[in-house]
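J.: Here is my input; please provide its structure:
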Amino acid sequence: MVNFTENATEKCNINHDIHETLSPVVYIFVFILGLPANCLSLYYGYLQIKAKNELGIYLCNLTIADLLYIFSLPFWLQYALQHDNWTYDELLCKICGIILYENIYISVGFLCCISIDRYLAVVHPFRFQRFRTMKAAAIVSIIIWAKEIMTCCFVFTHGEISMDAESHLVCFEHYPIKKWEHNVNYYRFSAGFLFPFFLLAFSYCGILRVVHKSPGTQKKKKIQIKRLVSSTVFIFLVCFGPYHILLVIRSLLENNCSFAEKIFNVYHISLLLTTFNCVADPVLYCFSSESTYQNFVKMRDSCLTCLGHLSTETKESYPLNTTETPKRTQHEQQPGLLQIPLDGAGMKDCFTT
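T.: Next comes the predicted model:
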């Protein structure tokens, strides 16, 4: 039984129609696409770690955070289908809510780690090598998880289930928002969005500057890198920007039910946008890699061979064994996100070591 004494709030007459129709579609879409994509991403991160590439540690942690959120989607799907009525106990509400909201900041943290790692690899390939080790990546990952776990402890001290005007039990929804949430939202906006955005922009601008000045990099490869970098920043803004801007607006203006009722649908649509990050992450950081695409093709052909459906024509198009492939060094055999030749420093790739 949930105790509502602590959770008593003004019962706003919120119209949940858009949330109840749009959310299930998004949740199902992200679950169907995100689960296999992130499983492949986890395998790709394992290959990076096996190749002694610290980037794999960040990628695996990012993928684990996304998978945790994906596994919580069935509960949120049922919640939306039951007209925003939470039928489980409050503990499960807190766990799912923590996974929902903390996934945003865990993802942002590891996205920043990946951007900094790429920046140091390209702009300062020799100066900061001690920060680009497996041990350093593991320590940074532990710090990120520890910080978010400490934040979770704060959430557990507050009641997160309350009753709305229709006598439905709502989970992690306060209308209007409580006073203690104002400062928390300001912190989330500044430390969880604004600062990471400037960090991403600074890192990738530095990468683009070095790539642009490199005469040894092919024009086609430069365009590919520019598109990847631009897509990363663009997706970050689209997935996380509207949500954090609305957090600030709610903290500044939401003092009564009237405003809460007006902003409800827009706010929930912005929250749904953060969900697409679970699909965008593996696409950007794994399937943009040429080596990963080739491994995926080989994996596909191997599966088809086992099933007996691989035709001779397909084998000729995607040969599994190439006898004339020149022998590469161990460094060049590491799976990379984007491999580009740079002049002067002798560095073979942009986003990996």
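J.: What ranges does the stretch 51-200 of the chain have for its helices?
T.: 55-81, 90-123, 134-155, 179-189, 195-213 (DSSP state H, counting those that start in this stretch).
J.: can you redo the ones you listed as TSV with mean neighbour count and mean pLDDT?
T.: Every C-beta, even on glycine, is put in place using the N, C-alpha and C of the backbone. Formatted as TSV, these follow (neighbours: other CB atoms under 10 Å; pLDDT from 0 to 100):
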stretch	mean neighbour count	mean pLDDT
helix 55-81	22	93
helix 90-123	21	90
helix 134-155	14	89
helix 179-189	15	88
helix 195-213	16	90
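J.: now for those helices, which one comes closest to residue 32?
T.: Each of the helices of the stretch 51-200 of the chain was scored for nearness to residue 32 using CB to CB, and the closest is helix 55-81 (9.9 Å).
J.: quick revisit: quick one, which of the helices of the stretch 51-200 of the chain gets closest to residue 253.
T.: Taking CB to CB, helix 179-189 is the member of these nearest to residue 253, at 11.0 Å.
J.: Which secondary structure elements does the closest one sit against?
T.: In this structure, helix 179-189 makes packing contacts with helix 219-253, judged by 3 or more CB pairs under 8 Å, 6 or more residues apart in numbering; DSSP states H and E.
J.: What residues of the helix it packs on count as buried?
T.: Of the residues in helix 219-253, those buried under the neighbour-count criterion (16 or more other CB atoms under 10 Å) are 221, 225, 228-229, 232-233, 235-236, 239-244, 246-248, 250-251.
J.: that older thread, distance to residue 256 added to the helices of the stretch 51-200 of the chain, as JSON lines?
T.: What follows is the helices of the stretch 51-200 of the chain, written out as JSON lines (distance: least, CB to CB, whole Å):
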{"stretch": "helix 55-81", "distance to residue 256": "25"}
{"stretch": "helix 90-123", "distance to residue 256": "24"}
{"stretch": "helix 134-155", "distance to residue 256": "25"}
{"stretch": "helix 179-189", "distance to residue 256": "13"}
{"stretch": "helix 195-213", "distance to residue 256": "31"}
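J.: I'd like to know which of these is closest to residue 267.
T.: Relative to residue 267, the nearest member of the helices of the stretch 51-200 of the chain by CB to CB is helix 179-189, separated by 11.7 Å.
J.: Just checking the distance from that closest one to the centre of its chain.
T.: Relative to the chain's own centre, helix 179-189 is displaced by 22 Å; criterion: CA atoms, centre = their mean, to the nearest Å.
J.: again, but for stretch 77-95
T.: Its chain's C-alpha centre lies 23 Å from the corresponding centre of stretch 77-95 when counted by CA atoms, centre = their mean.
J.: First-to-last residue distance for that stretch?
T.: 15 Å (CA to CA, to the nearest Å).
J.: about what we covered before: of the helices of the stretch 51-200 of the chain, give the one that comes closest to residue 169.
T.: Nearest of the helices of the stretch 51-200 of the chain to residue 169, taken as CB to CB: helix 90-123 at 8.5 Å.
J.: and the angle for the closest one with helix 55-81?
T.: What separates the directions of helix 90-123 and helix 55-81 is an angle of 150 degrees, with axes from the mean of the first three to the mean of the last three CA atoms, to 10 degrees.
J.: what's the angle between helix 90-123 and helix 134-155?
T.: On the basis of the same axes, to 10 degrees, helix 90-123 is oriented at 150 degrees to helix 134-155.
J.: Which other helices and strands does helix 90-123 contact?
T.: When contacts are defined as 3+ CB pairs under 8 Å, 6+ apart, helix 90-123 packs onto helix 55-81, helix 134-155, strand 169-171, helix 195-213, helix 219-253, helix 277-285.
J.: could the ones you listed be laid out in TSV, adding distance to residue 115?
T.: Compiled in TSV, these are given as follows (distance: least, CB to CB, whole Å):
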stretch	distance to residue 115
helix 55-81	10
helix 134-155	13
strand 169-171	33
helix 195-213	4
helix 219-253	8
helix 277-285	11
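J.: which stretch among those comes nearest residue 30?
T.: Nearest to residue 30, of all those, is helix 277-285, at 5.7 Å by CB to CB.
J.: Can you give the distance from the closest one to the centre of its chain?
T.: 6 Å.
J.: Would you mind listing the buried residues in that helix?
T.: Counting neighbours by 16+ other CB under 10 Å, helix 277-285 gives 277, 278, 279, 280, 281, 282, 284, 285 as buried.
J.: can you tell me which residues contact the first one?
T.: Read it as residue 277. For residue 277, the residues meeting the contact criterion (CB atoms under 8 Å, 6 or more residues apart in numbering) are 66, 104, 107, 235, 239, 240.
J.: And the third one, by the same measure?
T.: For residue 279, the contacting residues are 30, 33, 34, 37, taking CB under 8 Å, 6+ apart as the criterion.
J.: neighbours of the last one, just the number please.
T.: Right, residue 37. Applying other CB atoms under 10 Å, we find 22 residues neighbouring residue 37.
J.: Apart from its chain neighbours, what residue comes closest to it?
T.: Excluding the flanking residues, the one nearest residue 37 by CB to CB, 6 or more residues apart in numbering is residue 282, at 4.2 Å.
J.: From residue 257, how far off is the one you found?
T.: With distances defined as CB to CB, to the nearest Å, the gap from residue 282 to residue 257 amounts to 40 Å.
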